[in-house]
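Participant: Generate a structure from the sequence data that follows.
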Amino acid sequence: MNRAFAVALAMAIAGGGVLGPAQSSPLSADVKADYKTVRDYFIRAAEKMPEADYGFKPSPHVRSFGQQVAHVADDQYNLCAPAKGETRKAAYTEIENTLFSKADLVAALKAAFVYCDVAYDALTDASGAEMLPSGNHRTRFGMLNWNLWHTWEHYGNVVVYLRMKGLVPPSSEKMHGMPMQ
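Facilitator: Residues are numbered from 1 along each chain as shown. Sure, this is the predicted structure:
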């Protein structure tokens, strides 16, 4: 990183005014925007898959579509709780082990993202640099970034499931008047 950028970044994080008020937390703003994108894609994918295909597995050795949805819902709690300074009270795979219908899983996924929304909404560049308590050995930013890439990873999985069922994933739907494949 060049010195001028490092100084500007440090001043922005410390509130030194190098960046305008809307840009005072540019790193966390990017993470928040990416989180909202994958959150919305994942919810739309969960809503798009027909109930009859929630048990679909491309291979016997992988999670079903419904289990993918449940896993992502579980990990919104598992990964955002530490970032919020909380401990999840439920089992690590509570949703994956107890919910199976599309209606229940979509509702659980939406609730889990609402839980995480609070952590992302509160994130600033300064708060993101704070080390988390409870032995995580991560910063708040690191924990939320882990949640972000994990959600993208599983969105990539469900894209394949949707395609195998002849459905266009939300990220490939018509955008800005141009058809996408």
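
Participant: Report pLDDT for Pro21.
Facilitator: Per-residue pLDDT puts Pro21 at 49.

Participant: swap that for Val18, sorry
Facilitator: Listed pLDDT for Val18 reads 48.

Participant: and Asn136, that's in a helix?
Facilitator: No - counting by DSSP: H, G, I helix; E, B strand; the rest coil, one finds Asn136 to be coil, located in no helix.

Participant: Double-check it against Trp146; I have them as touching.
Facilitator: No - applying Cβ atoms under 8 Å, one finds Asn136 not in contact with Trp146, separated by 9.8 Å. C-beta here means a position set from N, CA and C on the backbone, and glycine is covered the same way.

Participant: how far away is Gly166 from Ser59?
Facilitator: Between Gly166 and Ser59 the distance is 18 Å, computed by Cβ to Cβ, to the nearest Å.

Participant: do the same with Lys84
Facilitator: According to Cβ to Cβ, Lys84 stands 35 Å off from Ser59.

Participant: Could you check which of the two is surrounded by more residues?
Facilitator: Lys84 (17 against 5; other Cβ atoms under 10 Å).

Participant: residue contacts, the more buried one?
Facilitator: The contact partners of Lys84, by Cβ atoms under 8 Å, 6 or more residues apart in numbering, come to Val118, Ala119, Ala122.

Participant: same deal with Tyr54?
Facilitator: Here Tyr54 is in contact with Ser64, Phe65, Gly66, Val69, Phe100, Ser101, Lys102, Leu105 (Cβ under 8 Å, 6+ apart).

Participant: Are any of those residues buried, and if so which?
Facilitator: Ser64, Phe65, Gly66, Val69, Lys102, Leu105 (16 or more other Cβ atoms under 10 Å).

Participant: In JSON lines: the residues you listed, plus distance to Leu162.
Facilitator: Formatted as JSON lines, those follow (distance: Cβ to Cβ, whole Å):
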{"residue": "Ser64", "distance to Leu162": "13"}
{"residue": "Phe65", "distance to Leu162": "8"}
{"residue": "Gly66", "distance to Leu162": "13"}
{"residue": "Val69", "distance to Leu162": "12"}
{"residue": "Lys102", "distance to Leu162": "14"}
{"residue": "Leu105", "distance to Leu162": "15"}
